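Trainee: Pasting the sequence and the predicted coordinates here, then a few questions.
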Amino acid sequence: MHARYKTPPGPTYLSSPARNERMEMGLPVLIVDDEAEFAETLAERLRLRGFTPHVANSGEEALSLVARGVANIMLLDLKMPGMDGLEVLRRIQKGAFRMQVIILTGHGSEIDEVYARSMGAIEYLRKPADLGAILAAFKKAEKELNKNMPVLTKE
């Protein structure tokens, strides 16, 4: 007998061996913040906790990494020069990428939060955010991703 998909896999679906490899190498996350030192420091703290962080310092760079499929969870700053975080979120939504977005901002407003959540942001955190809050948001995002994974069945 061999495994068949109950539903066809999407473009970013990971087969069981790849999913196991992902677990071993750490959950991949994308940190998008124009403050390079902050982003790299956070990435290092996440590496120490078993994550595989990728860093983008602009909206354009973030979308390039999203298109390459480096991660399905993004920690996104709102206020960046050039393309801001809300525009990045709009383009992710328009491109129908399988992405869970967590906003982390020092300059956002309640209106920005309502708008970001209406566009699909799973969490909205304000800087300075406690690392525990960021980790909890990643856990919530991973749980949402796993809800939508195709189910393998045996015939």
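Mentor: On my side now, so go ahead. Since this is a predicted model, take the numbers as computed values, not measurements.
Trainee: Bridge partners for the spatially most central residue of the chain, pull those for me.
Mentor: For the chain, the residue nearest the mean C-alpha position is residue 73 (1.5 Å; Cα atoms, centre = their mean). Counting by DSSP bridges, residue 73 is bridged to residue 100.
Trainee: quick one: it and residue 143 touch, right?
Mentor: No - with contact defined as Cβ atoms under 8 Å, residue 73 does not reach residue 143; the gap is 10.8 Å. Yep, even glycine has a C-beta here, placed from its N, CA and C like the rest.
Trainee: For residue 44, pull up the helix or strand it's in.
Mentor: Assigned by DSSP states H and E, residue 44 falls within helix 36-48.
Trainee: counting contacts, what elements does that helix pack onto?
Mentor: strand 28-32, strand 52-56 (3 or more Cβ pairs under 8 Å, 6 or more residues apart in numbering; DSSP states H and E).
Trainee: I'd like to check what contacts the biggest helix by length in the chain. Which residues are they?
Mentor: Criterion DSSP state H: the longest helix present in the chain is helix 131-147. Residues outside helix 131-147 that contact it (Cβ atoms under 8 Å, 6 or more residues apart in numbering): 27, 29, 42, 45, 49, 51, 72-73, 75, 98, 100, 102, 104, 122-123, 125.
Trainee: Just the buried residues out of the residues you listed, in PyMOL syntax.
Mentor: Selection of buried members from the contacts of helix 131-147 for PyMOL, criterion 16 or more other Cβ atoms under 10 Å:
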select buried, resi 27+29+42+51+72+73+75+100+102+104+122+123+125
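Trainee: In the contacts of helix 131-147, find the pair that's most separated.
Mentor: 45 and 98 (25.8 Å; Cβ to Cβ).
Trainee: before we move on, the earlier item: which ones are touching the residue nearest to the centre of the chain?
Mentor: Per Cβ under 8 Å, 6+ apart, neighbours of residue 73: 27-30, 99-100, 102, 138, 141-142, 145.
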